[in-house]
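Undergrad: sequence first, predicted coordinates after that:
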Amino acid sequence: MKKEKINGLTLTTTYEKFSKKIEMNRKLLVKMLSKLKDDGNKIVGYGAPAKGNTLLNYFGIGPELLEFIVDDSKLKQNYYTPGTHILITSPDKLKKIKFNYLLILAWNFADSIIKNHSYLRRRGVKFIIPVPVPRVVN
């Protein structure tokens, strides 16, 4: 309780500020993805963790923006994301199709995902890290 109080977690203003940051992030990411899509780009998602699905649902990102999502877990492959109904498939599909952007939904693993899929960079694919603010990594 003492640590929570010291860190402002007992104050309503802390959560109001956090809410404003989330809303700004939502607007920026949806605007970015929509513009990329309108410009004819194909966007694929990487990772289907719970936090990624929370982001997709709250931000209203569905199959109209993402072609599909890949996930390393065979338990998630050939199913759809809850709420947004985006197909989850094997990362092998990344090697077989042409796309322009990879939205990393497991953003806490962004560095290793980018490193492990460096061949995509050579193909011109750019990575989007959505949190804490959306940014494109070449």
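TA: Ah, there it is.

Undergrad: assign a three-state SS to I128, would you?
TA: Of the three states, I128 takes strand under DSSP: H, G, I helix; E, B strand; the rest coil.

Undergrad: who's in contact with the helix or strand harbouring L120?
TA: For L120, the host element (DSSP states H and E) is helix 118-122. Under the criterion CB atoms under 8 Å, 6 or more residues apart in numbering, residues L94, K95, L102, I114, F127, N138 lie in contact with helix 118-122. C-betas here are computed from N, CA, C, even on glycine.

Undergrad: do that again at 7 Å, thanks
TA: L94, L102 (CB atoms under 7 Å, 6 or more residues apart in numbering).

Undergrad: please renumber the chain so that the first residue is 39 from this point on.
TA: With the count now opening at 39, the last piece we talked about shows up as helix 156-160.

Undergrad: per-residue confidence averaged over it?
TA: Computed over helix 156-160, the mean pLDDT rounds to 95.

Undergrad: which secondary structure state is assigned to V82?
TA: Put simply, V82 is strand when judged by three-state DSSP.

Undergrad: contact partners for it?
TA: L104, E105, F106, V108, F137, L140.
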